[in-house]
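Asks: Pasted the sequence and its predicted model underneath.
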Amino acid sequence: MIFKLFTWPIDTLVMVGKKVKEEADKELYDLEHIQQKLIHLQMMLEMEEISEEAYDQQEEFLLQRYRIAKELEQERLREAVEEDQ
């Protein structure tokens, strides 16, 4: 009981850190989220809210994130298949 009392602040900080990391990973590497951003970017270009140059830069950045997210997804699938065998 006393041990929990002393470690509570650290445990709470670790839990908050893990949650922040999960949200950051979701923002950076969630395939659906990236696809939505690409669609939004395309709409902004079509409505002339951004320049072609800005579109190209942002699109390349999002496509790089998409590739990384796909690789991470495939890696997780491979690991899951290996665990099942």
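Replies: In hand now; what should we look at?
Asks: Look at residue 49 and tell me its secondary structure.
Replies: The three-state assignment at residue 49 reads coil, by DSSP: H, G, I helix; E, B strand; the rest coil.
Asks: in the helix or strand of the chain at the bottom of the mean pLDDT ranking, what counts as buried?
Replies: Lowest on mean pLDDT, DSSP states H and E among the helices and strands of the chain sits helix 2-29, with a mean of 80. Neighbour counts using 16 or more other C-beta atoms under 10 Å place residue 29 of helix 2-29 among the buried residues. Backbone N, C-alpha and C define where each C-beta goes, glycine included.
Asks: Could you list the buried residues of the longest helix along the chain?
Replies: Counting residues, the longest helix in the chain under DSSP state H turns out to be helix 52-84. Buried residues in helix 52-84, counted by 16+ other C-beta under 10 Å: 55, 58, 62, 65, 66, 69.
Asks: ok, residue 28 - contacts?
Replies: If a contact means C-beta atoms under 8 Å, 6 or more residues apart in numbering, then residue 28 has 65, 69 as its contacts.
Asks: average pLDDT for the longest helix of the chain?
Replies: Mean pLDDT, computed over helix 52-84, is 93.
Asks: Can you name every helix or strand that that helix contacts?
Replies: If you count contacts as 3 or more C-beta pairs under 8 Å, 6 or more residues apart in numbering; DSSP states H and E, helix 52-84 packs onto helix 2-29, helix 31-46.
Asks: Now render those as a markdown table, adding distance to residue 81.
Replies: Formatted as a markdown table, these follow (distance: least, C-beta to C-beta, whole Å):
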| stretch | distance to residue 81 |
| --- | --- |
| helix 2-29 | 20 |
| helix 31-46 | 19 |
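Asks: Among those, which comes closest to residue 79?
Replies: helix 2-29 (15.7 Å; C-beta to C-beta).
Asks: hmm, back to that, so which of the helices and strands packed on helix 52-84 is nearest residue 75?
Replies: Smallest distance to residue 75 across the helices and strands packed on helix 52-84 (C-beta to C-beta): 11.4 Å, for helix 2-29.
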